[in-house]
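> sequence and predicted structure, then a few things I'm wondering about:
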Amino acid sequence: MKKQIIALTTIAALSVGAAGQASASTVHTVEKGDTLWAISQEMNVSVEDLQQWNGLDSTVIYPSQQLKVEEASETYVVVLGDTLFDIAKKHGQSVDELMKRNQLTSDLIFPGDKLVLEGTKVAPTKVSTASLPATNVSQTTAKTPAPVTPAPAAPAAPAATSEAKELTVTSTAYTASCEGCSGVTSTGIDLRSNPNQKVISVDPTVIPLGSRVWVEGYGEAIAGDTGGSIKGNKIDIFIPSKEEALQWGRKTVKVKILD
């Protein structure tokens, strides 16, 4: 669940800007069902930041994993009358540098916004308070396909362990683009913002949500979504491109539940 933090200040408090050092690094212990995207929303940072701070080359995380979720950085709180140009000039930076560090798409700022002046870039604090609906993403009937990307070579199966449970399932594929669809899975993974995330839709009574799995011909993935037609030994594979999803079609594959 995304936390909204609202600062209650008096009008007088907005008359003076404040720059300071952020707190020391904070660690988050991954729980079953957690996703990197959900943690990034809760901590108000980007997925890319979490990957950089923790040396991750993918968005796959595991229960009990310790993640660094905050990095020290010098910040500035916007006050009434501030402009991005004035703030950048005062701190010896260009407007472009300040916008890039704070992932701003325009130079529009508001009193109370927190801007990072030095250190690792973070997502801007003025985020939408509207909750993203926890709904299934679109099926292969999506009208607007994602850009076509070359199909990767089929990954090798992980080494078998005594704990890995193996299933034979019927698989189909889906994309994250359709008119009126949010592109957010039932566990909160934003597949439009993270098109390289490997996610499968499952029947939670067969494969628990949040499980790390290996799928024949697809590789390691997270059981991060559900679907009305996904019952029993059936799975739905997320593939960014409609063309590649259609090429996957319907096939029988082996699945290993790793944890």
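Great, that's in hand.
> which helix or which strand is home to residue 246?
helix 242-248 (DSSP states H and E).
> from the contact counts, what lies against that helix?
strand 165-174 (3 or more Cβ pairs under 8 Å, 6 or more residues apart in numbering; DSSP states H and E). Heads up, the C-betas are built off the backbone N, CA and C, glycines and all.
> now do the strand it packs on: everything it contacts.
137-140, 201, 206-207, 215, 227, 233-239, 244-246, 248-257 (Cβ atoms under 8 Å, 6 or more residues apart in numbering).
> that strand pairs with which strands, and in what direction?
Strand pairing for strand 165-174, using DSSP bridges, gives strand 234-238 (parallel), strand 251-257 (antiparallel).
> residue 183: which of the ones you listed is closest?
strand 234-238 (10.2 Å; Cβ to Cβ).
> return the backbone torsion pair for residue 91.
As for residue 91, its main-chain torsions (degrees, to the nearest 10) stand at phi -110, psi 20.
> quick one: stretch 177-196 to chain centroid distance?
Distance, stretch centre to chain centre, for stretch 177-196: 10 Å (Cα atoms, centre = their mean, to the nearest Å).
> quick one, helices of the protein?
Along the chain, the stretches classed as helices by DSSP state H are 36-43, 47-54, 84-90, 95-101, 242-248.
> most tightly surrounded among these?
Ranked by mean neighbour count, these are led by helix 36-43 with a mean of 20 (mean count of other Cβ atoms under 10 Å).
> where along this structure do the strands fall?
18-21, 27-29, 66-68, 74-77, 114-118, 165-174, 199-201, 212-215, 219-225, 234-238, 251-257 (DSSP state E).
> re the thing from before, pick the most buried one from the strands paired with strand 165-174.
strand 234-238 comes out most buried of the strands paired with strand 165-174 by mean count of other Cβ under 10 Å, with a mean of 23.
> returning to what we had before: of the helices of the chain, which is nearest residue 188?
Here helix 36-43 is closest among the helices of the chain (Cβ to Cβ), at 4.4 Å.
> roughly how far is that closest one from the heart of the chain?
On Cα atoms, centre = their mean, the centre of helix 36-43 falls 7 Å from the chain's centre.
> next one: stretch 29-45
With Cα atoms, centre = their mean, you get 8 Å for stretch 29-45.
> just the CA coordinates of that stretch, formatted as PDB?
The C-alpha coordinates for stretch 29-45 follow below in PDB (Å, rounded to 0.1, in the frame of the first residue of the first chain):
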ATOM      1  CA  THR A  29      13.100  -6.500   4.700                       C
ATOM      2  CA  VAL A  30      11.300  -8.000   1.700                       C
ATOM      3  CA  GLU A  31       8.200 -10.000   2.700                       C
ATOM      4  CA  LYS A  32       6.400 -12.600   0.600                       C
ATOM      5  CA  GLY A  33       4.200 -10.800  -2.000                       C
ATOM      6  CA  ASP A  34       6.400  -7.700  -2.100                       C
ATOM      7  CA  THR A  35       7.400  -6.300  -5.400                       C
ATOM      8  CA  LEU A  36      10.100  -3.700  -6.200                       C
ATOM      9  CA  TRP A  37       7.400  -1.400  -7.700                       C
ATOM     10  CA  ALA A  38       5.200  -1.600  -4.600                       C
ATOM     11  CA  ILE A  39       8.200  -0.800  -2.300                       C
ATOM     12  CA  SER A  40       9.200   2.100  -4.500                       C
ATOM     13  CA  GLN A  41       5.700   3.600  -4.300                       C
ATOM     14  CA  GLU A  42       5.600   3.100  -0.500                       C
ATOM     15  CA  MET A  43       9.000   4.800   0.000                       C
ATOM     16  CA  ASN A  44       8.400   7.400  -2.700                       C
ATOM     17  CA  VAL A  45      11.500   6.500  -4.700                       C
END
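> alright, calling it a day.
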